[in-house]
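Trainee: build the 3D model from these lines:
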Amino acid sequence: MDIKKDFAIQFRVRGDSFGGPYINGISLANGESVDKCELAYSDDEKSEYISSDGYKISAYHIEKNGVFECYTVFENNSDSVATLELLSSFCINNIDADTLHRATSFWSAEGKLLSQKLTELNMEPSWSGHGYRVEKFGQLGSLPVRKWFPFAAVENSRTGEFIGVQLYCPSSWQIELFRRKDPLTLTGGLADFDFGHWCKNIKPGESFTSPKATVAIGKSLNKVCDMLVKAQNPAISEVDSDLPVIFNEYCTSWGNPTIESLEKTAKKLQGSKIRYLVIDSGWDKEWWNTIGDWNVSKELFPDGLKPVNDMIKSYGLIPGIWFEMENVAPLADIYGKTEHLLSRDGIPLSVCGRRFLDMRDEWCVKYLDEKVLKLLKDSGYGYIKIDYNETTGLGCDGAESLGEGLRQYVLGCQSYFRHMHELMPELVIENCASGGHRLEASTMELCSMASFSDAHECKSIPIIAANVQRMIKPSQSQIWAVLRKNDDLYRVYYSLTAGFLGRLCLSGEIFDIPDENWDAALKAVDFYEEIAPIIKDGYTSIIECTAEDYSNPEGYQIVLRELGDTALMIVHTFKNGANPPVEKYISDWKTVCTFGSETDSDYRGKAYILSK
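Mentor: Modelled structure (predicted):
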């Protein structure tokens, strides 16, 4: 399939007539702004359009390793201000497809695949071709993976061809599929004025560039997802390049870390090949209500954090620490410094016990340098977990629209991630937002890894972990494996094998668990070391999951990830899922070794290393 000739543009300048018929209020696409344009130039990398109003719109579609990198530049060459209300990052015309695939996402339920025939969406053309059919979706706010991932794929079931797209947009975004007659158009980018209250004033001689998107074509959904994920280019710290195992003590102390607990954990981890010991929330007094001041709790750590970190290092571990640095809570002194916080309609933007530092404000940058970077440097940290537990919603003051205020604010947040990396290039940065709410490509490119979910001990962990492989690199997807003293060995295997679907992250009171369970964990770490190259560079060719209800999963899941002549297969059973058809998927492979329990009963986990 050659789609180069089908790349196009969608934009709207305020004052132009809306498109039609019956599209106004549903979509801003295909209005007078587009009608005024003529194609002036086109090659393999871009198409340039000239508007009769004096605008130049350049749609870039640059092919890199089989994936198109798309973005659009709007230039105002007129003698008056142009107010953009829509500018696509990508637009593909002339699509022949019958199915739409999307990835839904809620807290602790990230990435569930939703596949719908266009007939289910009432998208058939009308009897006369009069009237648009539109399916438009996206999200509003600073949690870009809430309700939906910024991703879509369309399938032609007759030819077996797929077109997949992924937006690199950390603020409000939208994707829409529409048709009047056959064929279809797929387009997306920043949430427009109707959907996300975004508009941008472009003065004469100025230009504006949309966020980036990537587009891939393939013969399966897994293939286009793999191509899109491999196009991501994250900033991986050198110390993290070999995918070491993490221990995060959150599910050990539940927000109440102590010197005693940390030392007991560090002693247990000594010599285990586990590289990081991360102190999660609670080190700064009453953590949920005091975030923002970042004062070390004198009750928990009377001598500060440096002696604790020195202790952790003495056991051969890299110490890490949790921050929720962009937000502030009601009992923090900074909560009242509203001149440095986001507002909406002149009122401080307050959401469920959170306000937001205005990351466009240089004062906030200097404040975080003093409160965050200084602590990291002075205490000797090599790892930071950056959490973010609320969303701004529609937007904020400070620009010509709430949506533009939000876009600028979020870019300020991302700029601080880069600032940290520049000043501490060895620092490992973990992206967390109540679990997986910021698993978006442009944010993932700023980090070594991310928390895949807050489903710390849920039965659905392997399902979520497999889903997330379609959206981000498994080598960046940090998966909880919580070990409890009352767990039987079957539960331990279930948790550890789920961790093989990405970056293995242990937690729990490992100093109290039975010896056989800890022995299993150590063997899991050895097994993980063997499969790390497959996790890092492989291709997930099969995700077969029969479970529908993630809270009460039934059936089984089989995931196969291939790398040349080797492969990793991970099998989980759920309720009524005993003895899944494993041989069906590995008839062409030989089993080299395994880890886990036999899958002959409910809630079992087993991993296989395979070879040709």
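
Trainee: distance check, the spatially closest residue to residue 528 that is not a sequence neighbour against residue 562.
Mentor: Nearest residue to residue 528, sequence neighbours excluded (CB to CB, 6 or more residues apart in numbering): residue 504, at 5.1 Å. For every residue, glycine as well, the C-beta is placed using N, CA and C. Using CB to CB, to the nearest Å, residue 504 is found at 20 Å from residue 562.

Trainee: who has more neighbours out of the two?
Mentor: Comparing residue 504 with residue 562 by other CB atoms under 10 Å, the one with more neighbours is residue 504, at 30 against 18.

Trainee: so what strands line up beside the helix or strand encompassing that one?
Mentor: Assessed by DSSP states H and E, residue 504 sits inside strand 503-507. Taking DSSP bridges as the criterion, strand 503-507 sits next to strand 245-248 (parallel), strand 477-482 (parallel) in its sheet.

Trainee: just the CA atoms of it, as CSV, please.
Mentor: In CSV, the C-alpha atoms belonging to strand 503-507 read as follows (Å, rounded to 0.1, in the frame of the first residue of the first chain):
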residue,chain,number,x,y,z
ARG,A,503,10.8,-4.3,33.1
LEU,A,504,10.7,-6.5,36.2
CYS,A,505,10.0,-4.4,39.4
LEU,A,506,9.9,-6.2,42.7
SER,A,507,8.1,-5.0,45.9
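
Trainee: give the next helix or strand downstream of it.
Mentor: helix 515-537.

Trainee: buried set for whatever helix or strand comes next after that following helix?
Mentor: Per DSSP H and E, the first helix or strand lying C-terminal to helix 515-537 is strand 539-545. Across strand 539-545, burial judged by 16 or more other CB atoms under 10 Å covers 539, 540, 542, 543, 544, 545.

Trainee: partners of the last one in the sheet?
Mentor: Spelled out, that is residue 545. For residue 545, the beta-bridge partners are residue 557 (DSSP bridges).

Trainee: helix or strand for residue 462, which one?
Mentor: In this assignment (DSSP H and E), residue 462 forms part of helix 461-468.

Trainee: give me the contact list for that helix.
Mentor: By CB atoms under 8 Å, 6 or more residues apart in numbering, the surrounding residues in contact with helix 461-468 are 103, 108-113, 436, 439, 452-453, 455, 458, 474, 477, 479-480, 494-495, 497-499, 501-502, 540, 543, 545, 547, 550, 553, 557, 559, 570, 572, 605.

Trainee: how far off centre is it?
Mentor: Here the centre of helix 461-468 is set off from its chain's centre by 13 Å, with CA atoms, centre = their mean, to the nearest Å.

Trainee: now that helix: average pLDDT?
Mentor: Summarised as a single mean, pLDDT over helix 461-468 is 98.

Trainee: what about the longest strand in this protein?
Mentor: strand 82-95 (DSSP state E).

Trainee: quick one: residue 32 from residue 49, how far?
Mentor: Using CB to CB, residue 32 is found at 14 Å from residue 49.

Trainee: same question, residue 166
Mentor: According to CB to CB, residue 166 stands 24 Å off from residue 49.

Trainee: who has more neighbours out of these two?
Mentor: Neighbours were counted for residue 166 and for residue 49 using other CB under 10 Å; residue 166 has more, 32 against 22.

Trainee: give me the element the more buried one is part of.
Mentor: When elements are assigned from DSSP H and E, residue 166 belongs to strand 161-168.

Trainee: how about that strand: buried residues?
Mentor: 161, 162, 163, 164, 165, 166, 167, 168.

Trainee: am I right that the third one is in contact with residue 3?
Mentor: Yes: look at residue 163 against residue 3 with CB atoms under 8 Å: they come within range, at 7.0 Å.

Trainee: now do the contacts for residue 192.
Mentor: Residue 192 sits next to 12, 28, 85, 86, 174, 198 when contact means CB under 8 Å, 6+ apart.

Trainee: contacts only, for the closest residue in space to it that isn't next to it in sequence.
Mentor: Take residue 192 and drop its neighbours on the chain: the residue closest to it by CB to CB, 6+ apart is residue 86, 4.1 Å away. Going by CB under 8 Å, 6+ apart, residue 86 touches 10, 11, 12, 28, 29, 33, 189, 192, 193.

Trainee: so residue 86 bridges to which residues?
Mentor: Applying DSSP bridges to residue 86 yields these beta-bridge partners: residue 12.

Trainee: roughly how far apart are it and residue 466?
Mentor: Residue 86 is 35 Å from residue 466, by CB to CB.

Trainee: in this structure, which helix or strand is least confident?
Mentor: Ranking every helix and strand in the chain by mean pLDDT, DSSP states H and E puts helix 287-290 at the bottom, with a mean of 85.

Trainee: tell me the SS of the residue sitting furthest away from the middle of the chain?
Mentor: What lies farthest from the middle of the chain is residue 128; by CA atoms, centre = their mean that is 41.6 Å. Residue 128 carries the three-state label coil when classified by DSSP: H, G, I helix; E, B strand; the rest coil.

Trainee: also the one 3 residues further on?
Mentor: At residue 131, secondary structure determined by three-state DSSP is coil.

Trainee: give me the number of residues near the nearest residue to it once chain neighbours are set aside?
Mentor: Among residues not flanking residue 131 along the chain, residue 22 sits closest, at 4.9 Å (CB to CB, 6+ apart). By other CB under 10 Å, 14 other residues sit near residue 22.

Trainee: and residue 482, by the same measure?
Mentor: 23.

Trainee: residues contacting residue 97?
Mentor: 118, 154, 155, 156, 163, 184.

Trainee: what sits against the most centrally placed residue in the chain?
Mentor: Geometric centre of the chain, nearest residue: residue 439, 0.9 Å, by CA atoms, centre = their mean. The contact partners of residue 439, by CB under 8 Å, 6+ apart, come to 110, 145, 149, 431, 450, 452, 468, 471, 472.

Trainee: per-residue pLDDT, the residue farthest from the centre of the chain?
Mentor: Reported pLDDT for residue 128: 95.

Trainee: so who does it touch?
Mentor: Taking CB under 8 Å, 6+ apart as the definition, residue 128 has no contacts.

Trainee: can you show me the strands along the stretch 101-250 of the chain?
Mentor: With strands called from DSSP state E, counting those that start in this stretch, the stretch 101-250 of the chain shows them at 109-117, 133-139, 147-148, 151-156, 161-168, 173-179, 184-190, 200-202, 207-209, 212-218, 245-248.

Trainee: got these as CSV, with distance to residue 362 and mean pLDDT columns?
Mentor: Listed next are those as CSV, based on distance: least, CB to CB, whole Å; pLDDT from 0 to 100:
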stretch, distance to residue 362, mean pLDDT
strand 109-117, 34, 98
strand 133-139, 29, 98
strand 147-148, 33, 98
strand 151-156, 34, 98
strand 161-168, 26, 98
strand 173-179, 27, 98
strand 184-190, 25, 98
strand 200-202, 22, 98
strand 207-209, 23, 98
strand 212-218, 26, 98
strand 245-248, 33, 98
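
Trainee: got those strands as TSV, with distance to residue 364 columns?
Mentor: Shown next, in TSV, are the strands of the stretch 101-250 of the chain (distance: least, CB to CB, whole Å):
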stretch	distance to residue 364
strand 109-117	29
strand 133-139	24
strand 147-148	28
strand 151-156	31
strand 161-168	24
strand 173-179	24
strand 184-190	24
strand 200-202	23
strand 207-209	25
strand 212-218	26
strand 245-248	27
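
Trainee: and for the residue nearest to residue 27 when sequence neighbours are not counted, the neighbour number?
Mentor: Closest residue in space to residue 27, ignoring its immediate chain neighbours: residue 134 at 5.0 Å, by CB to CB, 6+ apart. By the criterion of other CB under 10 Å, residue 134 has 18 neighbours.
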